[in-house]
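Participant: next come a sequence and a model predicted from it.
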Amino acid sequence: MARIAFIGLGNMGGPMSINLVKAGHQVRGYDIVAEKTARAAAGGVEAATSNPDAAKDADFVFTMLPTGKEVREVLVDIDKVMDVVGPGTIIVDSSTTDLGATDYIHNEAAKRGLTLIDSPVSGGMAGAEAGTLTFMAGGDAAAIDRAEPVFLAMGKQMVRAGGPSAGQAVKVCNNMLLGISMVGTCEAIALGEAAGVDHQVLFDVISTSTGSCWSMNVNCPMPDMVDTAPANREYTPGFTAKLMLKDLTLSQAAAAKTGAVTPLGEHARSLYEAFCDDRDGEIDFSAMVQMVRDMRRG
């Protein structure tokens with residue numbers, strides 16, 4: 001059993017922390033929104049009074065926060081969690097952040113002789129609740145080995161991504177492709193509809209042919225094709241369009257930082273930006289099909 005601090009108890013961090021309790025770990029958590037801390041406490045998480053209070057005496061400190069700005073503020077710049085943990089504590093940032101923020105917190109951890117793993121997740125809210133997340137871990141190999149049982153208490157898989165910041169790099173690549181794939185899926189559906197093709201025919205062919213992809217097979221934008229698809233629930237997420245815009249924006253920041261050229265990633269980002277400006281960014285990102293339909297010529 002490990003002593004684990006969990007900072008950030010929202011839609012992802014809340015169920016993740018509760019799954020750690022179910023696995024037998026001692027979990028102490030905090031969120032700036034008191035209601036979220038209370039919800040985690042109802043699942044067995046001990047409620048802390050602040051981020052530093054959550055982290056004291058912990059074997060592992062997990063952060064699951066909205067952006068790199070909050071991660072920096074919690075760990076280094078304001079709450080200074082890195083300054084209250086012991087030298088054997090492993091800090092794990094499971095937020096999805098920009099590579100610049102990840103490099104910064106790795107450097108600050110190294111200055112203090114601390115070990116930090118950047119390990120964003122894939123699987124969304126459903127995976128967080130079901131304990132089926134995939135963790136992409138970047139950092140010290142020995143620390144990742146030590147953290148593996150903790151990861152697997154919250155997920156089905158842990159991938160060793162490489163050295164510091166590699167976890168975030170892998171995550172941003174994956175989600176950029178997902179955003180591109182969803183736009184392509186929505187365009188194919190809109191084209192098929194315009195040509196008079198039945199939804200079932202579109203699904204049956206694409207889902208079993210060379211166009212097969214997660215965006216069609218699992219998160220299908222057409223209702224009544226896949227039982228679990230948000231399209232069946234008027235696009236209740238799932239994974240919101242706003243979060244997809246965030247991740248595509250991160251992909252373009254990473255491209256600028258590394259010199260990579262990603263024109264389709266930028267095009268997908270611009271489409272999700274338009275979607276969130278004109279529509280409800282809190283609905284599932286597969287609702288992009290609605291905007292693509294409305295863009296029809298004539």
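Facilitator: Yep, it's here.
Participant: so where's the protein uncertain?
Facilitator: 298 (pLDDT under 70).
Participant: past the helix ranked longest in it, which element shows up next along the chain?
Facilitator: Ranked by number of residues, the top helix in the chain under DSSP state H is helix 166-194. Note on helix 166-194: by DSSP states H and E, the next helix or strand toward the C-terminus is helix 199-206.
Participant: what packs against that next one?
Facilitator: Helix 199-206 sits against helix 166-194, with contacts defined as 3 or more C-beta pairs under 8 Å, 6 or more residues apart in numbering; DSSP states H and E. Quick note: C-beta positions are derived from backbone N, CA and C, even for glycine.
Participant: quick one: buried residues of the helix it packs on?
Facilitator: Within helix 166-194, the residues that qualify as buried are 166-190, 192-193, counting by 16 or more other C-beta atoms under 10 Å.
Participant: phi first, then psi, for L250.
Facilitator: Main-chain torsions, L250, degrees, to the nearest 10: phi -60, psi -40.
Participant: so what's the residue count around it?
Facilitator: Neighbourhood size, L250 [other C-beta atoms under 10 Å]: 23.
Participant: touching, it and T97? I think so.
Facilitator: Yes - the criterion here is C-beta atoms under 8 Å, and L250 meets it with T97 at 7.3 Å.
Participant: in the stretch 51-200 of the chain, which spans are helices?
Facilitator: If DSSP state H, counting those that start in this stretch is used as the criterion, the helices of the stretch 51-200 of the chain fall at 51-55, 68-72, 99-111, 124-130, 141-152, 166-194, 199-206.
Participant: which one of these lies closest to A274?
Facilitator: helix 166-194 (11.3 Å; C-beta to C-beta).
Participant: now the angle from that closest one to helix 199-206?
Facilitator: If you take axes from the mean of the first three to the mean of the last three C-alpha atoms, to 10 degrees, helix 166-194 sits at 130 degrees to helix 199-206.
Participant: any idea of the angle helix 166-194 forms with helix 141-152?
Facilitator: Using the same axes, to 10 degrees: helix 166-194 against helix 141-152 is 50 degrees.
Participant: for V159, which non-adjacent residue is spatially closest?
Facilitator: M136 (5.2 Å; C-beta to C-beta, 6 or more residues apart in numbering).
Participant: what's the neighbour count on that neighbour?
Facilitator: M136 has 25 neighbouring residues, counting by other C-beta under 10 Å.
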